[in-house]
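Chemist: Here's my sequence, what's the structure:
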Amino acid sequence: MGKYVFDVAETTYHKDKVYIPRKVREKLGLTDGDRLYIEVLSGGAARLVVMRKSSATKRILNRLDNPPNLGMLRGRITREEVYEDIT
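Modeler: Sure thing, here's the model as predicted:
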């Protein structure tokens, strides 16, 4: 785990809250609405993963504006053809 440490900061747990130091917030580029997932590892260690709210929203809106091309039906399809394998 030590090979992934780029910067070290100390924080405080107080009244059911963990306070993230300013230099960590700035280095991670945290903005309001970002979700932080905490994975508890063995030996009292934890891993913090930042999920950007804005990028997820942008991806969803892009998919709605530009849906994938799934093809088109040629001709008409009857109700019987849709349900023929059900019985």
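
Chemist: Tell me how far the closest residue to Val18 other than its chain neighbours lies from Met51.
Modeler: Excluding its sequence neighbours, the residue lying closest to Val18 (CB to CB, 6 or more residues apart in numbering) is Thr11, at 6.2 Å. Yep, even glycine has a C-beta here, placed from its N, CA and C like the rest. Thr11 is 20 Å from Met51, where distance means CB to CB, to the nearest Å.

Chemist: Can I get stretch 27-41 as CSV, trimmed to CA atoms?
Modeler: C-alpha atoms of stretch 27-41 as CSV (Å, rounded to 0.1, in the frame of the first residue of the first chain):
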residue,chain,number,x,y,z
LYS,A,27,-5.4,17.7,-4.6
LEU,A,28,-8.4,15.5,-5.3
GLY,A,29,-10.3,18.4,-6.9
LEU,A,30,-13.4,17.7,-4.7
THR,A,31,-16.5,19.8,-5.5
ASP,A,32,-19.9,19.9,-3.9
GLY,A,33,-21.9,16.8,-4.8
ASP,A,34,-18.9,14.5,-5.2
ARG,A,35,-19.5,11.1,-3.5
LEU,A,36,-16.7,9.5,-1.4
TYR,A,37,-16.7,5.8,-1.0
ILE,A,38,-14.6,4.4,1.8
GLU,A,39,-13.5,0.8,1.7
VAL,A,40,-12.2,-0.6,4.9
LEU,A,41,-9.1,-2.8,4.4
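
Chemist: I'd like to know the average pLDDT value across it.
Modeler: Average pLDDT, stretch 27-41: 84.

Chemist: Please report phi then psi for His14.
Modeler: phi -150, psi 130 (degrees, to the nearest 10).

Chemist: Fine, thanks again, bye for now.
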